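**Q** Got a sequence here, can you model it:
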Amino acid sequence: YEYAYTNASDCPSVDTLHLTVNLVKTTQLAATICMGSSYTENNFNITPTAPGTDTYTQNLHTSKNCDSTVTLTLTVTDYRRGSISRSICEGSSVRFGNKDLTVSGTYRDTTKTSAGCDSITTLTLTVNPQPHLTISDAAICYGDTTLLTVTGASTYSWKPATGLISHTVNSMLATANKTTTYTVVGTDNNGCKDTTYVTVTVNSLPVVTISVDEAICEGSTTILVASGNHTMSSYAWNTGDSKYQIKVSETGTYTVTGTDVNGCKDTADFTVVVNQPTEGDTTAVACEEFIWHGVSYTKSEEATYTIE
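**A** Coordinates of the predicted model:
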């Protein structure tokens, strides 16, 4: 710039001004930090108390002593939080973080997001106890049926199914032709399982027979003897007797039921016939001697011979 004027000597004069105008400096900044952190760059010292985006401004002076405005758009990212619930059965585990958990409780695991902020996951773990099945073995006689009852769970599965008829939720009617071991899996309301085993022992039936002492005639007696091919524990006759042998003297069918030490039974019967005496009449004429049933007769008379 030039300025023309007349100086004190009344001479024309010119002053020249060389002027440099420095503009106000404006700077726009943007940053993202995690909740709980502070922003301390570019002469800022900010510690946010809540997540979100805010704008901060600083008025500074340049080296030329001009104003300088710095505007900061600061985004504060909150913690990432998540909650999950898990239920497992006793004896199982769940992997959470870098641990295998087996005990009920509340657990937290902290990781980093793509922005480098904390991500906190809370796990509520419930460990349900295992059910405990209870059932008793059984013994039956061949052809019989037994009721198997299991307790300790809510639903049950049985294997093998051969010889089983469903009775109730926890009971089966078992009719096995041979000794069989069944596998029972019980599941409770939490989905936890237990396995147990039950054996049904099938005992063979005894074979009972009756032997007779001898044939009898009217007025005599004979002995009927019962026996079995197993170790027998008792006998029951249709006469009311309970010994293994009885004495009889009348015609009839005698029945005995034998029970062995396993409680298995068999029945046998025997028909006794009482032989009746017979009478005969023989008339003979002989010279001097007559032999009858081995006896010598030499005179006329009546004789009686009894066959035993």
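**Q** Residue 229: neighbour count?
**A** For residue 229, the neighbour count with other CB atoms under 10 Å is 14. C-beta coordinates here come from the backbone N, C-alpha and C atoms, glycine included.
**Q** Test my guess that it contacts residue 206.
**A** Yes. Counting by CB atoms under 8 Å, residue 229 does reach residue 206; the two are 5.9 Å apart.
**Q** Distance check, residue 204 against residue 155.
**A** According to CB to CB, to the nearest Å, residue 204 and residue 155 sit 35 Å apart.
**Q** same check, this time on residue 193
**A** Between residue 193 and residue 155 the distance is 10 Å, computed by CB to CB.
**Q** The two: which has the busier surroundings?
**A** The neighbour comparison of residue 193 against residue 155 (other CB under 10 Å) goes to residue 193, with 16 against 12.
**Q** residue nearest the centroid of the protein?
**A** In the chain, the centroid-proximal residue (CA atoms, centre = their mean) is residue 186; its distance is 2.6 Å.
**Q** what's that one in contact with, if anything?
**A** By CB atoms under 8 Å, 6 or more residues apart in numbering, the contact set of residue 186 is 131, 133, 150, 152-156, 193-196.
**Q** Okay, it and residue 127: tell me how far apart.
**A** 18 Å.
**Q** ok, now residue 59?
**A** With the distance defined as CB to CB, residue 59 ends up 61 Å from residue 127.
**Q** Please enumerate the strands of the stretch 201-308 of the chain.
**A** 208-212, 216-217, 222-228, 232-237, 245-248, 252-260, 265-272, 274-275, 290-292, 295-297 (DSSP state E, counting those that start in this stretch).
**Q** what angle do the first one and strand 252-260 make?
**A** Calculated by axes from the mean of the first three to the mean of the last three CA atoms, to 10 degrees, strand 208-212 forms an angle of 140 degrees with strand 252-260.
**Q** What residues sit buried inside strand 208-212?
**A** By neighbour count with 16 or more other CB atoms under 10 Å, strand 208-212 contains the buried residues 208, 210.
**Q** Give the ranges of residues in this protein that sit below the confidence cut-off.
**A** Applying pLDDT under 70 to the chain flags the ranges 19-24, 61-67, 279-282, 284, 286, 301-308.
**Q** My guess is residue 207 contacts residue 228. True?
**A** Yes. At 6.5 Å, residue 207 and residue 228 qualify as touching, with contact defined as CB under 8 Å.
**Q** More neighbours: these two, which one.
**A** With neighbours defined as other CB under 10 Å, residue 207 and residue 228 compare such that residue 228 has more, 22 against 12.
**Q** where's that one relative to residue 258, distance?
**A** Residue 228 is 5 Å from residue 258, by CB to CB.
**Q** Name the residues contacting each of these two.
**A** Residues touching both residue 228 and residue 258 by CB under 8 Å, 6+ apart: 206, 208, 266.
**Q** Between the two ends of stretch 252-269, how far is it?
**A** In stretch 252-269, first residue to last residue: 10 Å (CA to CA, to the nearest Å).
**Q** buried ones in it?
**A** Residues 254, 256-260, 262, 264-266, 268 are the ones in stretch 252-269 that count as buried (16+ other CB under 10 Å).
**Q** what separates that stretch from the chain centre, distance-wise?
**A** 42 Å (CA atoms, centre = their mean, to the nearest Å).
**Q** about what we covered before: select, from the buried residues of stretch 252-269, the two members most distant in space.
**A** Greatest spacing in the buried residues of stretch 252-269, by CB to CB: 254 and 262 (25.0 Å).
**Q** List the beta-bridge partners for the closest residue to residue 250 other than its chain neighbours.
**A** The shortest distance from residue 250 to any non-neighbouring residue, by CB to CB, 6 or more residues apart in numbering, is to residue 274 (6.4 Å). Residue 274 has the following beta-bridge partners by DSSP bridges: residue 216.
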